[in-house]
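*Asks:* Model the following, please.
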Amino acid sequence: MKKPKITMTVIKEDKGFSAYTSIGQNFIATEGQDIDELKKGIVDAVNLTFEDKNITYTTEEIHLKPDLASFFEFYKVINAKALSERIGMNQSLLAQYINGTKKPSASQTQRILKGVRQVGRELVSIQFFL
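*Replies:* Here you go, the predicted structure:
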């Protein structure tokens, strides 16, 4: 069997995080109190699912698809206030999206994602003067 590509949907819960996906007939799910515990649970759950096929995964081989709250928890280095200014979004509105009190529309989600990706492209192209 060819090693399937795995994308786990990650959701920030009231207490901790949950992750899930379906691969063929297999539904894989786990939860964790924090990001590190969640990642360990994801690898364990995926590897248990494919144990009989002698397929193993590492954290780097599993793609995570987080909701906004999980994304900002994973990447605390990204400042929500600075991002809101960069993309021209009200800081309070972005905060409401992040904490789950409001759900962004598809266009608002794309606007946020576009801003995050722009920051990523800029970071990748950085070179320090030595």
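*Asks:* can you list the domains in this structure?
*Replies:* Following automatic domain parsing, one finds the domains of the chain at 6-66, 77-125.
*Asks:* What average pLDDT does the helix or strand in which Thr7 is found get?
*Replies:* Thr7 is located in strand 6-12, with elements delineated by DSSP states H and E. The pLDDT scores in strand 6-12 average 95.
*Asks:* Identify each buried residue in it, please.
*Replies:* Neighbour-count burial for strand 6-12, with 16 or more other CB atoms under 10 Å as criterion, is recorded at Ile6, Met8, Val10, Ile11, Lys12. Placement of C-beta: from N, CA and C, glycine included.
*Asks:* mind listing the strands for this structure?
*Replies:* 6-12, 17-23, 26-32, 62-66 (DSSP state E).
*Asks:* With distance to Pro104 as new columns, can the ones you listed be given to me in CSV?
*Replies:* Output for the strands of the chain, formatted as CSV (distance: least, CB to CB, whole Å):
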stretch, distance to Pro104
strand 6-12, 14
strand 17-23, 19
strand 26-32, 24
strand 62-66, 14
